[in-house]
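Participant: The following comprises the amino acid sequence and a computationally predicted model.
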Amino acid sequence: MKQILNNLHKLAKDKHNENKKYFDKLKKKQPKNLDYIMQDLHDAEFKRTDCLKCANCCKTTGPLFTLADIERISKHFRQKPQQFIDHYLRIDEDKDYVLQSVPCTFLDNENYCMIYDVRPKACREFPHTDRNKFYQISNLTLKNVEICPAAYNIVEEMKKKLPL
Ligand code: SF4
Ligand code: SF4
């Protein structure tokens, strides 16, 4: 895992143009069986992937926090939502609540999430490779393959399984 993480940024950069062209075609074609294929690829990859040996998403980029996330997590800490916001969050350029800093404050030394049961929806769904109508999030996926080895592998497999 360490080796692929060290090389991931370069690997993803090298594939960027190829992936962009692929996703442009995907958007135009919108294959009917795409959701099934993505679910299979996603499940197969995450059977092989040990996120506890990685945690690169938690270390290098944070989730956005919805109001429902803030309510749930602040309740967990027995805080008022505003106290939680003041302690941990800031508003970014897209006007979303995000972490004040990364690595995420809630990541422990062994890569466990300290708020796993109440973690933000964006963390639960990352890297979104099993999302329906996957072609709708191609720009996000182009970014995610640079930080998530599983997303990188899934996109590589997808190109083989679904040549366009
Ligand atoms: S989701 Fe991706 S980046 Fe996050 S820990 Fe798992 S493999 Fe690593
Ligand atoms: S809340 Fe948990 S899962 Fe989400 S980035 Fe932080 S440590 Fe990772």
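Facilitator: All right, it came through fine. Numbers count the residues shown, from 1 in each chain. Ligands and ions are numbered 1, 2, ... in the order given.
Participant: what's the following helix or strand after the helix or strand containing E18?
Facilitator: Assessed by DSSP states H and E, E18 sits inside helix 2-29. Using DSSP H and E, the next helix or strand after helix 2-29 towards the C-terminus is helix 34-48.
Participant: And the lowest-mean-pLDDT helix or strand in the chain, what's buried?
Facilitator: In the chain, no helix or strand scores lower on mean pLDDT, DSSP states H and E than helix 2-29, which sits at a mean of 93. Residues of helix 2-29 classed as buried by neighbour count (16 or more other C-beta atoms under 10 Å): L5, L8, L11, A12, K15, N19, Y22, F23, L26. (Each C-beta comes from the backbone N, C-alpha and C, glycine too.)
Participant: pLDDT at the closest residue to the last one other than its chain neighbours, what is it?
Facilitator: Right, L26. Leaving aside its sequence neighbours, L26 sits nearest to Y135 (C-beta to C-beta, 6 or more residues apart in numbering; 4.5 Å). Looking at Y135, its pLDDT stands at 94.
Participant: for M1, same thing?
Facilitator: We have a pLDDT of 79 for M1.
Participant: Can you get me a residue count around the residue nearest to it when sequence neighbours are not counted?
Facilitator: Excluding the flanking residues, the one nearest M1 by C-beta to C-beta, 6+ apart is K53, at 4.4 Å. Close neighbours of K53, defined as other C-beta atoms under 10 Å, add up to 12.
Participant: again, but for K159
Facilitator: If we define neighbours as other C-beta under 10 Å, then K159 has 15 of them.
Participant: repeat for F84
Facilitator: Neighbour count for F84, taken as other C-beta under 10 Å: 20.
Participant: For it, what are phi and psi?
Facilitator: phi -60, psi -50 (degrees, to the nearest 10).
Participant: From ligand 1, how far out is P63?
Facilitator: Distance of P63 to ligand 1, computed by C-beta to the nearest ligand atom, to the nearest Å: 11 Å.
Participant: what does A55 give?
Facilitator: A55 sits at a distance of 5 Å from ligand 1 (criterion: C-beta to the nearest ligand atom).
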